[in-house]
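# Whatever this is, show me its structure:
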Amino acid sequence: MQPIILEAFNLEAAERRLCVEALTLAGNIVGAAQILGITRHALKRRIIKLRIDWGRPGMLPGSPATAPA
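This next block holds a predicted model:
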């Protein structure tokens, strides 16, 4: 794994970058949470807080599994 180089000392940007990198590397929330050393619930809260656009791989927006009930 290559080291992550931050552009600035911005904690929120660093947290967002780490979450996105972990999600990309793992491909799912459970694996990304394990990489980050946090629970999947904690990662989900961060995804919402940081407004990270992350859906299930292969799922299209508006499909039955992602459509609002």
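# From the contact counts, what lies against the host helix or strand of T24?
In the assignment (DSSP states H and E), T24 maps to helix 11-26. Contacts defined by 3 or more C-beta pairs under 8 Å, 6 or more residues apart in numbering; DSSP states H and E place helix 11-26 against helix 29-36, helix 40-49. The way it works is simple: take the backbone N, C-alpha and C, and place the C-beta from them, glycine included.
# Show me the shaky parts of this protein.
For the chain, the stretches with pLDDT under 70 are 1, 56-69.
# I47 versus A33, what's the distance?
To I47, A33 is 10 Å away according to C-beta to C-beta, to the nearest Å.
# pretty sure E21 is touching I5, no?
No: using C-beta atoms under 8 Å, E21 is not in contact with I5; the gap is 11.4 Å.
# that older thread, which one's more surrounded, A33 and I47?
Neighbours of A33 and I47, each counted by other C-beta atoms under 10 Å, are more numerous for A33; the result is 21 against 18.
# Thanks a lot, see you next time.
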